[in-house]
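A.B. asks: Requesting a structural model of the entry that follows:
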Amino acid sequence: MTNLLANVEKEKGGLKDLMKGLKLNLPTEEEMAKMAREHYENNRLNPNNFSFWFNPMSNALKAEFKVPKSLVMEYPFELREKIRQDRHAITPEIVKELEQFVFQNEEVKALNKQTQHFFIKTGVFSNKFDFDGSCNLQDWGNLFEQIYSLEYMAMTYSANHTNELVIREFIADVENRKTIYNGMPLRTEFRVFYDFDEGKVLGVANYWHPEEMIKALTPYSVRSIFAEITDIEEQRKLKKQLMAKLNNYDKQSFEEYFAYLDTKDFIVQEYDAMKAIVASKVAKAFKEKKCPLKGQWSIDIMKNGNDFYFIDAAIMSQSALVNRMEAVEK
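C.D. replies: Numbers count the residues shown, from 1 in each chain. Below is the predicted model of the structure:
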């Protein structure tokens, strides 16, 4: 025991000596400011920015799909830095500055005359996982809080490589679909993969692919149990037994999990019936009107009633669901 204690003390002493020799080279304020400015300028070059792909794609795709009215604004450098501070550092003056930046924009004024319900996102991120708390803007009075939520979660997901704020016409759900992610309707969506260099559709994926969604939505508290109990009705019985013991977060997780299961078969049926048609319309649109973009991209098309909307895009190599891509019939 004596030898053991002596060895422990010897190791502690060695660690102290090592720590004394360490020198932290923290950046100076000037260096931090320079890095922030460089980050801002580099963000402008991000091809996933809404401003980079939206007009070139929508100019072609609007011949085959509806496109929600959309506008994009670039934050001034100083304002961008202010709204990305810790929450306790946000002052009423910063909130007012952001509101003035938005409300004084002529495009915002014009859009506000057409609708009072908006979908907001950064240039590359919408935080759909908190739909009503981030991207679904129904009251201008909530503008700052929802933008702050977007920016905070974007940094959490390392999706903050943009200086843009996007404000779009909200596409109201006409089918009264069930919702997940705190209010997001489960509308059938198609992710079409397109190669602009080759001028062809590479494939398509179900945006709400069952295997991906069940894995993502299964409540953490019962993942091991549900892995063994796969019968949905048995899972529902277990839910009833557990509900009284769950916190609000877990209760919401259960509700969203079963909301997806209740909608899954209908989504799969619609997707299978229409995927070839949607893909062919994308191909037709880009064949008839040349798009200047290069490389391979994912293009998201959403069904809403009898209408189909072009809603999003991203570089294919940085997109989810490439592993779920399937060929479509020509």
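
A.B. asks: Show me how far stretch 285-293 is from its chain's centre.
C.D. replies: A distance of 26 Å separates the centroid of the chain from that of stretch 285-293, by Cα atoms, centre = their mean, to the nearest Å.

A.B. asks: swap in stretch 43-51?
C.D. replies: The chain centroid and the centroid of stretch 43-51 are separated by 15 Å, computed with Cα atoms, centre = their mean.

A.B. asks: Average pLDDT for it, rounded please.
C.D. replies: The average of the pLDDT scores along stretch 43-51 is 97.

A.B. asks: And for stretch 235-248?
C.D. replies: 82.

A.B. asks: Next: stretch 153-162.
C.D. replies: Rounded mean pLDDT across stretch 153-162 is 93.

A.B. asks: Between the two ends of it, how far is it?
C.D. replies: Criterion Cα to Cα, to the nearest Å; first-to-last residue distance in stretch 153-162 is 13 Å.

A.B. asks: Show me which positions of it end up buried.
C.D. replies: Residues of stretch 153-162 classed as buried by neighbour count (16 or more other Cβ atoms under 10 Å): 153-154, 159-162. (Each C-beta comes from the backbone N, C-alpha and C, glycine too.)

A.B. asks: Which of the residues you listed fall in helices?
C.D. replies: Counting by DSSP state H, the buried residues of stretch 153-162 place 153-154 in helices.

A.B. asks: Dump the buried residues of stretch 153-162 to JSON lines, plus distance to residue 241.
C.D. replies: Listed next are the buried residues of stretch 153-162 as JSON lines, based on distance: Cβ to Cβ, whole Å:
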{"residue": "153", "distance to residue 241": "33"}
{"residue": "154", "distance to residue 241": "38"}
{"residue": "159", "distance to residue 241": "38"}
{"residue": "160", "distance to residue 241": "42"}
{"residue": "161", "distance to residue 241": "45"}
{"residue": "162", "distance to residue 241": "45"}
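
A.B. asks: next SSE after the helix or strand residue 111 falls within?
C.D. replies: Under the criterion of DSSP states H and E, residue 111 resides in helix 106-114. Next in sequence after helix 106-114, counting helices and strands by DSSP H and E, comes strand 118-122.

A.B. asks: what does that next one contact?
C.D. replies: With Cβ atoms under 8 Å, 6 or more residues apart in numbering as the test, strand 118-122 has contacts from 50, 68, 111, 126-127, 134-138, 146-147, 150-151, 154, 159-160, 162, 164-171.

A.B. asks: between the buried residues of stretch 153-162, which is nearest residue 81?
C.D. replies: residue 160 (12.0 Å; Cβ to Cβ).

A.B. asks: need the contact list for that closest one.
C.D. replies: When contacts are counted by Cβ under 8 Å, 6+ apart, residue 160 touches 84, 122, 125, 151, 154.

A.B. asks: Got phi/psi on it?
C.D. replies: phi -110, psi 20 (degrees, to the nearest 10).
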